[in-house]
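Novice: pasting the sequence and the predicted coordinates here, then a few questions.
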2 protein chains.
Amino acid sequence: MINPDLFSKISYGLYVVCSGNRFQGNGFVANTVFQVTSKPPRFAVCCNKDNYTSDFIKQYKAFSVSVLSRDVSSDLINRFGYKSGRDIDKFSGLEVMYGETEVPILKNESLAYFECALIDAFDVGTHLIFIGELLNGDVLDAESEPLTYDYYRKVKKGVAPKNAPTYVDRSLFGEKTESDQMIGLKKYECKACGYVYNEADEKIPFVDLPDDWECPICGAKKSEFEEI
Amino acid sequence: MINPDLFSKISYGLYVVCSGNRFQGNGFVANTVFQVTSKPPRFAVCCNKDNYTSDFIKQYKAFSVSVLSRDVSSDLINRFGYKSGRDIDKFSGLEVMYGETEVPILKNESLAYFECALIDAFDVGTHLIFIGELLNGDVLDAESEPLTYDYYRKVKKGVAPKNAPTYVDRSLFGEKTESDQMIGLKKYECKACGYVYNEADEKIPFVDLPDDWECPICGAKKSEFEEI
């Protein structure tokens, strides 16, 4: 028996992981960033194999991690968490510096950063775990609190995108929620980010939402939702 | 340049990871527990190679994770975090159940648990990353908050033991703190857990502490401290 509520009991931070060089590169929002050894300091980052940044990490053999501040804007989360670098230049207009490996390091809305040289990569199925050895790192803002995944979910009402290692597909566990059992109420899924608009929770039928209504997570238009 | 303050900006939970069977087994406090894939749900646990539980995970090819509650007792942390299962039976007197793989699962002071079958192990230097596929899991207490490493450090004044992946040896980074520069004040290290009593911070000379004073982290006697 697997109770899908257990997944929300695991604690994570939220980070932007970047790779590339001065001429090309990308970054994505990750929650699975963690230190794996102390001597020398090494970090692991878990990344979907389909993720564009994954290609850059393999090619440039380095990555940077920026620790997001608790007061991060939804614009930054949307840009790095719900868009693909194959479609847009995520760094456009942002404050980016380059490490000793030349990897881009995002400074906006980040309270600390570090740069790692890739030393290994492990295949765990749909994802890779990249292992990096710490080269440089600093604190940019000692006063702010780091954004945690718990805070992001509870206060900012965020959800994990479908390619995150921590995405919870509740149908996998055969769960029927109370709202599933309410007859006639429907659910609509955002095809851009996977957010589900549940009429039972929202109390407003989806069709009655104004035409300029947008996905609260990624800003996609109402027309990008489909009934599920 | 590496600013060692950056390590405290990475967010973790705190867990007890166990392995073994009904007749022998062990557990330890871990902060590096994280989900690595969603389909199927797989988790990673980072464990020091010298850790006694590491031997059991390799032998029994399974592990359990109990998510500690925020109001966990220092007794439980001390038992699972600062003692070795080579010296004591950590499960003595506690409420332990056994999973479908027979691994022990700690229920005390835990708000959720899960059981994984070992599917891989990766060498990252001093530590191993064990990858497990989720078999079972449930929430034991939906009301309590999970203990985070940040809360443990800030509110409970805890420190990482020396064999933790996130132990910070500040001397590695050549750092001189303000208190290092105060002449004549000394530091004493607990040989049991690595906690450092810094006279500059505590304002009481170590020799003036009463004889029944104990290490605030692991409860070791004053005589177990050595000047560093």
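Specialist: Okay, I see it.
Novice: right, and residue A:84 touches residue A:50 too?
Specialist: No. Under the criterion of Cβ atoms under 8 Å, residue A:84 lies out of contact with residue A:50, with a separation of 9.5 Å. Yep, even glycine has a C-beta here, placed from its N, CA and C like the rest.
Novice: the more surrounded of these two?
Specialist: Remark: of residue A:84 and residue A:50, residue A:84 carries more neighbours, 14 against 11, as counted by other Cβ atoms under 10 Å in any protein chain shown.
Novice: residue contacts, the more buried one?
Specialist: Contact analysis of residue A:84 by Cβ atoms under 8 Å, 6 or more residues apart in numbering or on different chains lists residue A:52.
Novice: quick one: pLDDT of it?
Specialist: Listed pLDDT for residue A:84 reads 89.
Novice: mind checking how far it is from residue A:136?
Specialist: Relative to residue A:136, residue A:84 is positioned 28 Å away (criterion: Cβ to Cβ, to the nearest Å).
Novice: chain center to the lowest-mean-pLDDT helix or strand in chain A: distance?
Specialist: Taking mean pLDDT, DSSP states H and E as the measure, the helices and strands of chain A show their lowest mean at helix A:199-202, namely a mean of 78. Helix A:199-202 has its C-alpha centroid displaced from the chain centroid by 25 Å (Cα atoms, centre = their mean, to the nearest Å).
Novice: report the buried residues of that helix.
Specialist: Within helix A:199-202, the residues scored as buried using 16 or more other Cβ atoms under 10 Å in any protein chain shown are residue A:199.
Novice: dump the C-alpha coordinates for it into PDB.
Specialist: Output for helix A:199-202, consisting of C-alpha atoms alone and laid out as PDB, is shown next (Å, rounded to 0.1, in the frame of the first residue of the first chain):
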ATOM      1  CA  GLU A 199     -14.100  22.500 -10.200                       C
ATOM      2  CA  ALA A 200     -14.800  20.700  -6.900                       C
ATOM      3  CA  ASP A 201     -12.000  22.700  -5.200                       C
ATOM      4  CA  GLU A 202     -12.500  26.000  -7.000                       C
END
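Novice: for that helix, packing partners?
Specialist: When contacts are defined as 3 or more Cβ pairs under 8 Å, 6 or more residues apart in numbering or on different chains; DSSP states H and E, helix A:199-202 sits against none of the other helices and strands.
Novice: tell me which helix or strand comes right after it.
Specialist: In the C-terminal direction, the helix or strand that comes right after helix A:199-202 (DSSP states H and E) is strand A:225-227.
Novice: got the contact list for the residue nearest to the spatial centre of chain A?
Specialist: Closest to where the C-alpha atoms of chain A average out (Cα atoms, centre = their mean) is residue A:29, at 3.3 Å. Residue A:29 sits next to A:14-16, A:68, A:77, A:80-81 when contact means Cβ under 8 Å, 6+ apart.
Novice: what of residue A:218?
Specialist: Listed by Cβ under 8 Å, 6+ apart, the contact set of residue A:218 reads A:78, A:81-83, A:190, A:192-193, A:195.
Novice: again, but for residue A:154
Specialist: Going by Cβ under 8 Å, 6+ apart, the list of residues near residue A:154 is empty.
Novice: now swap in residue A:115 and tell me
Specialist: With contact set as Cβ under 8 Å, 6+ apart, residue A:115 has these partners: A:62-64, A:99-101, A:103, A:105, A:134-137.
Novice: how about 7 Å then?
Specialist: Residues counted as contacts of residue A:115 (Cβ atoms under 7 Å, 6 or more residues apart in numbering or on different chains) are A:62, A:64, A:99-101, A:103, A:105, A:135-137.
Novice: which members of those additionally contact chain B?
Specialist: Judged by Cβ under 7 Å from any Cβ of the partner chain, the overlap between the contacts of residue A:115 and the neighbourhood of chain B comprises A:136-137.
Novice: residue A:91: what's it in contact with?
Specialist: By Cβ under 7 Å, 6+ apart, the contact list for residue A:91 reads A:25, A:104.
Novice: how about the one 4 residues further on?
Specialist: Contacts of residue A:95 were listed using Cβ under 7 Å, 6+ apart, and they are A:107-108.
Novice: mind checking how far it is from chain B?
Specialist: According to Cβ to the nearest Cβ, to the nearest Å, residue A:95 and chain B sit 18 Å apart.
Novice: so that residue versus residue A:196, what's the distance?
Specialist: As for residue A:95, its distance to residue A:196 is 34 Å (criterion: Cβ to Cβ).
Novice: got it, and residue A:206?
Specialist: Taking Cβ to Cβ as the measure, residue A:206 falls 11 Å from residue A:196.
Novice: more crowded one of those two?
Specialist: Using other Cβ under 10 Å as the criterion, residue A:206 and residue A:196 rank with residue A:206 on top: 17 against 14.
Novice: can you tell me the closest non-neighbouring residue to that one?
Specialist: Closest residue to residue A:206 in three dimensions, ignoring its sequence neighbours and counting by Cβ to Cβ, 6 or more residues apart in numbering or on different chains: residue A:188, at 4.9 Å.
Novice: pLDDT at the one you found, what is it?
Specialist: In this prediction, residue A:188 carries a pLDDT score of 90.
Novice: and the host helix or strand of it, how far out from the chain middle?
Specialist: Applying DSSP H and E as the criterion places residue A:188 in strand A:187-190. The chain centroid and the centroid of strand A:187-190 are separated by 20 Å under Cα atoms, centre = their mean.
Novice: who are the packing partners of it?
Specialist: The criterion is 3 or more Cβ pairs under 7 Å, 6 or more residues apart in numbering or on different chains; DSSP states H and E, and the helices and strands that strand A:187-190 contacts are strand A:196-198, strand A:225-227.
Novice: how near is the closest residue in space to residue A:220 that isn't next to it in sequence to residue A:73?
Specialist: For residue A:220, the nearest residue in space outside its immediate sequence neighbours is residue A:192; the separation is 3.9 Å by Cβ to Cβ, 6+ apart. Relative to residue A:73, residue A:192 is positioned 18 Å away (Cβ to Cβ).
Novice: these two - which one has more neighbours?
Specialist: When neighbours are counted by other Cβ under 10 Å, residue A:192 comes out ahead of the other of residue A:192 and residue A:73, with 18 against 12.
Novice: quick check: phi and psi on that one?
Specialist: phi -80, psi -40 (degrees, to the nearest 10).
Novice: only alpha carbons, please: show stretch A:147-164 as CSV.
Specialist: These are the backbone C-alpha positions of stretch A:147-164, laid out as CSV (Å, rounded to 0.1, in the frame of the first residue of the first chain):
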residue,chain,number,x,y,z
LEU,A,147,12.7,29.1,-0.6
THR,A,148,11.6,25.6,0.4
TYR,A,149,9.4,23.3,-1.6
ASP,A,150,7.0,23.1,1.3
TYR,A,151,6.6,26.9,1.3
TYR,A,152,6.3,26.9,-2.5
ARG,A,153,3.4,24.4,-2.3
LYS,A,154,1.6,25.8,0.7
VAL,A,155,2.1,29.5,0.5
LYS,A,156,2.7,30.0,-3.3
LYS,A,157,0.3,27.2,-4.3
GLY,A,158,2.9,25.8,-6.7
VAL,A,159,2.9,22.3,-8.1
ALA,A,160,5.7,20.2,-9.6
PRO,A,161,5.8,20.0,-13.4
LYS,A,162,5.4,16.6,-14.9
ASN,A,163,9.1,16.0,-15.6
ALA,A,164,10.2,16.7,-12.0
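Novice: understood, closing this out.
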